[in-house]
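Trainee: any chance you could fold what I've pasted below:
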Amino acid sequence: MKAKKIFLSVCLSLAVLLSSSYVVSANSYEVKESFVSLDEISKYEDKMFMDSAPNEIVITDPIVIRKLAKEQGFPNVKDIKKLTYKFSKVKQNELNDNELNDNETNLLSKLTTARTFISDVVDQGTGYKLVDHFDENRYEGPIKGTYTYSRTDTSSYNATVSLNADIVSAGVGFTIGRNYTKSDSVTVNVPAGKKVILKIWTNYQKKSFTIYTEYSSSIGLWYPKGTGNAYKPVGLIFTQAEY
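Mentor: Next comes the predicted model:
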């Protein structure tokens with residue numbers, strides 16, 4: 001038994017020496033959250049409307065309408081004839097902050113010695129969060145007009161383990177806890193005898209990431225401790241339910 005332990009110890013030492021950094025695999029669990037991706041919604045768009053207008057998704061399938069409208073809290077979902085999502089194209093320079101604050105800049109220089117860091121950052125696209133607050137207006141036809149809305153929301157994150165917000169900021173490229181004000185306009189056209197309920201949501205960019213923690217500083221041994229998601233306000237989403 002003693003000889004076997006020595007043999008295993010030697011094998012482990014050789015494996016470490018062959019690599020300057022070794023990551024131990026571990027099971028991690030995704031954070032459960034209520035983010036709804038615009039890319040996912042677009043899969044249900046009516047083909048007749050796919051090329052009608054850019055940055056617009058039109059849903060006419062009654063089953064899909066009931067599911068999405070119920071999630072968003074629209075009343076009388078069985079009476080909705082059409083559900084339309086309108087949003088502005090997100091500019092590339094909106095996806096990351098040009099400058100991090102002083103704390104984050106200092107943190108970047110310390111990441112090599114930090115005992116926890118995030119990696120495997122993946123852009124998951126944009127969408128809204130069902131747990132988020134929203135603005136709402138109701139219009140009865142005949143009416144046509146263009147209306148401008150503005151919302152201020154805060155970038156945030158969630159994770160399966162406790163994690164410093166500055167570490168997330170440095171990893172995802174935007175500042176967690178910063179307020180962002182976004183404004184946009186939407187045109188509402190309601191024929192006589194019809195009505196529209198308009199809900200205004202914040203459009204968030206979502207980035208997923210894996211959290212790594214140090215196991216042994218002497219041999220550069222790290223292992224994945226958990227996962228998380230970060231959200232940055234990048235615009236507005238207008239959802240129109242036509243009755």
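Trainee: show me the beta-bridge partners of the nearest residue to Glu40 once chain neighbours are set aside.
Mentor: Spatial nearest neighbour of Glu40, chain neighbours left out: Gly127 (7.6 Å); criterion: CB to CB, 6 or more residues apart in numbering. In short, each C-beta sits where N, CA and C put it, glycine included. For Gly127, the beta-bridge partners under DSSP bridges are Ser37, Tyr204.
Trainee: if I read this right, Gly127 contacts Leu38, doesn't it?
Mentor: Yes: taking contacts as CB atoms under 8 Å, Gly127 lies within contact range of Leu38: 5.0 Å.
Trainee: how about the most centrally placed residue in the chain, what does it touch?
Mentor: The residue lying closest to the centre of the chain (CA atoms, centre = their mean) is Lys206, at 2.1 Å. When contacts are counted by CB atoms under 8 Å, 6 or more residues apart in numbering, Lys206 is found next to Phe35, Ser37, Asp123, Gln124, Gly125, Thr126, Gly127, Asn229, Ala230, Tyr231.
Trainee: quickly note the distance from the closest residue to Ile200 other than its chain neighbours to Ile197.
Mentor: Spatially, and ignoring its direct neighbours in sequence, Ile200 is nearest to Asp135 (4.2 Å; CB to CB, 6+ apart). According to CB to CB, to the nearest Å, Asp135 stands 12 Å off from Ile197.
Trainee: compare those two (neighbour count), which wins?
Mentor: Counted by other CB atoms under 10 Å, Asp135 and Ile197 do not tie: Ile197 has more neighbours, with 20 against 14.
Trainee: residues in contact with that one?
Mentor: Here Ile197 is in contact with Phe74, Pro75, Glu136, Asn137, Arg138, Tyr139, Gln240, Ala241, Tyr243 (criterion: CB under 8 Å, 6+ apart).
Trainee: for the last one, give its distance to Thr187.
Mentor: It refers to Tyr243. For Tyr243, the distance to Thr187 - CB to CB - is 18 Å.
Trainee: in terms of neighbours, single out the busier of the two.
Mentor: Tyr243 (17 against 11).
Trainee: how about the strands in this structure?
Mentor: With DSSP state E as the criterion, the chain has strands at 22-23, 35-37, 56-59, 82-87, 116-129, 135-140, 143-154, 156-159, 179-190, 195-216, 221-242.
Trainee: tell me which strands and helices the last one is in contact with?
Mentor: For strand 221-242, the contact count by 3 or more CB pairs under 8 Å, 6 or more residues apart in numbering; DSSP states H and E identifies strand 22-23, strand 82-87, strand 116-129, strand 143-154, strand 156-159, helix 165-172, strand 179-190, strand 195-216 as packing neighbours.
Trainee: 7 Å instead?
Mentor: Using 3 or more CB pairs under 7 Å, 6 or more residues apart in numbering; DSSP states H and E, the elements in contact with strand 221-242 are strand 22-23, strand 82-87, strand 143-154, strand 156-159, strand 179-190, strand 195-216.
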